[in-house]
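Asks: Here's my sequence, what's the structure:
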Amino acid sequence: MAHQLTIEIHDNAKGWLEAATLRFLSKFEVELEYELDYASTYFGRKDRYALSLAYPVDTGYYRGPLPGFVLDLIPQGEPLKRLMGRYRISDINDYEAILSRVPLASPGNIRVQEPWLAIEAERPQYSFEGFTREEVVRRHVDFVEYMEAAGAPIGGTSGAGGGSPKFLLREDKAGKLHAEGMLDDSKTICAYLVKLPFTDSRNSVELLQVEQSYYELLRELPLRTGASLEICDNVLFIRRFDRQVVPDGSLHYHGLESLYSAHNIIIPGAHLKHEDNLRLIAKHSNQVEADIAEYIKRDLINKILANTDNHGRNTSFIKTDKSIQLSPLYDVTAMRFFMSDFIVELTKWEKPRETLMARLLWIEEELKIDRQLLLNEMRELSRSLSGIEQRLRELKVPEDFIVRSEDERRATLAEMKRL
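Replies: As a prediction, the model looks like this:
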């Protein structure tokens, strides 16, 4: 094997920079090292200029198992299956083939250079007028095939992970949509993650509608959220928070790293402990107290809204030139009621900390966070949740979802009120 790949990191002033080399020695063993010039410029950085919080910029040499950040570059679930079929890759664990052949436009600011070379050469001549939102909605899962039939290069359109079909698209000044990676940054006014139902079943459609309704509720609460989600004929348009058009009109890329990557975990669907995640936040965040409080509140919200899908890829750090902190909330819906599969919680508390007060006491003792600050945050969240069931009905969450989750929701709310 010994196939060497160049990993690039996007700099908002300089564009894509050659940051590191990744060499496959075998299926699961690699060599990784930062480029010397890059390391000398950004030495010691662990923010947006690093491959991962687990791999700060340095001049060292790593040899061993595949680093955890690589799985942040590769979609999971349905998007990965579609890409493997398109690029004729038979083995889901053939990471070398996936990284070297598929132009993955992954969330964040990292990519593998080699499969993008042809697309980069093609982009100056790219003149396709783009697609309307109505065309995306009408075509649903056949949209990528429709793009290809119309002569539009797909680039890294399917670079997002998850069980449902997802596409990464960009909007131009005329309101037309293009594959991520094809529309020039200077012509981009917005970047979207477009999400379709898991299946055509009523339940899958409802869960997508609930995600949009839930997010409206979350935006009203003292939580870190992004822009409103837009739903059109059961297709969800999500404005990406790792892409930002700044006042001068340029498009900025922010680093985005999942908890799995930050823990350097390479196993999809691995179990985590909340305590370990909190230690990770305390180690890396520039806003430790705020992020610890945010994390605890999100765990409570998952209980209240029957969202059991709390794996390590559904929480991320967002990394800029100046900060490392928890990203805005995403992927919150009533997954306990997903009928096509049994979605279990993959992140849990140790048994001594099954009550909220026990968790707050542990955080104060272990992480040295003022418990009164946390209590104030929890009480503010509790007050803002007053009348939540009525608000869920106003947001058109199906009555069945509200009724089936009421026992745990009311128990969680009662525990919060006792603080």
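
Asks: Go ahead and confirm Leu196 touches Lys166.
Replies: Yes - between Leu196 and Lys166 a contact is recorded at 7.3 Å, counting by C-beta atoms under 8 Å. From N, CA and C alone the C-beta is placed, and that goes for glycine too.

Asks: Can you name every helix or strand that the helix or strand where Arg359 lies contacts?
Replies: For Arg359, the element it lies in under DSSP states H and E is helix 356-367. Where contact means 3 or more C-beta pairs under 8 Å, 6 or more residues apart in numbering; DSSP states H and E, helix 356-367 is packed against helix 274-284, helix 288-304, helix 371-384.

Asks: Can you show me the CA trace of the longest one as PDB?
Replies: Going back to what we said before, that points to helix 288-304. Backbone C-alpha positions of helix 288-304 (Å, rounded to 0.1, in the frame of the first residue of the first chain) are rendered in PDB as follows:
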ATOM      1  CA  VAL A 288     -15.100  26.200  30.100                       C
ATOM      2  CA  GLU A 289     -17.800  27.300  32.500                       C
ATOM      3  CA  ALA A 290     -20.300  28.200  29.700                       C
ATOM      4  CA  ASP A 291     -19.600  25.000  27.800                       C
ATOM      5  CA  ILE A 292     -20.000  22.800  30.900                       C
ATOM      6  CA  ALA A 293     -23.300  24.400  31.600                       C
ATOM      7  CA  GLU A 294     -24.300  24.100  28.000                       C
ATOM      8  CA  TYR A 295     -23.500  20.400  27.900                       C
ATOM      9  CA  ILE A 296     -25.500  19.700  31.000                       C
ATOM     10  CA  LYS A 297     -28.500  21.600  29.600                       C
ATOM     11  CA  ARG A 298     -28.300  19.700  26.300                       C
ATOM     12  CA  ASP A 299     -28.400  16.400  28.100                       C
ATOM     13  CA  LEU A 300     -31.500  17.500  30.000                       C
ATOM     14  CA  ILE A 301     -33.100  18.700  26.800                       C
ATOM     15  CA  ASN A 302     -32.500  15.300  25.200                       C
ATOM     16  CA  LYS A 303     -34.400  13.700  28.000                       C
ATOM     17  CA  ILE A 304     -37.200  16.200  27.800                       C
END
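
Asks: next structured bit after it?
Replies: Next along the chain after helix 288-304, taking DSSP H and E as the criterion, comes strand 316-319.

Asks: and that next one, what other elements does it pack with?
Replies: Against strand 316-319 (3+ C-beta pairs under 8 Å, 6+ apart) you get strand 255-258, helix 259-262, strand 324-326.

Asks: what does the first one rub up against?
Replies: Contacts with strand 255-258, where a contact means C-beta atoms under 8 Å, 6 or more residues apart in numbering, come from 47-48, 50, 52-53, 69, 72, 107-110, 242, 312-320, 327.

Asks: And the residue found closest to Gln287 once you drop the neighbours it is linked to in the chain, how far from Leu381?
Replies: Distance criterion C-beta to C-beta, 6 or more residues apart in numbering; nearest residue to Gln287, sequence neighbours excluded, is Gln325 at 5.0 Å. The gap separating Gln325 from Leu381 is 18 Å, by C-beta to C-beta, to the nearest Å.

Asks: Give me the neighbour count for the residue nearest to Leu385 when sequence neighbours are not counted.
Replies: Counting by C-beta to C-beta, 6+ apart, Leu413 is the residue found nearest to Leu385 once chain neighbours are left out, at 6.2 Å. For Leu413, the neighbour count with other C-beta atoms under 10 Å is 18.

Asks: quick one: Leu413 and Leu373, what's the gap?
Replies: Taking C-beta to C-beta, one finds Leu413 at 21 Å from Leu373.

Asks: Check which element follows the helix or strand harbouring Ala19 along the chain.
Replies: Here Ala19 sits within strand 15-24, counting by DSSP H and E. Going down the chain from strand 15-24, the next helix or strand is strand 29-34, by DSSP H and E.

Asks: Return the set of buried residues in the one helix or strand Glu122 maps to.
Replies: Glu122 is part of helix 117-122 when elements are defined by DSSP H and E. By neighbour count on 16 or more other C-beta atoms under 10 Å, the buried set for helix 117-122 is Ile119.
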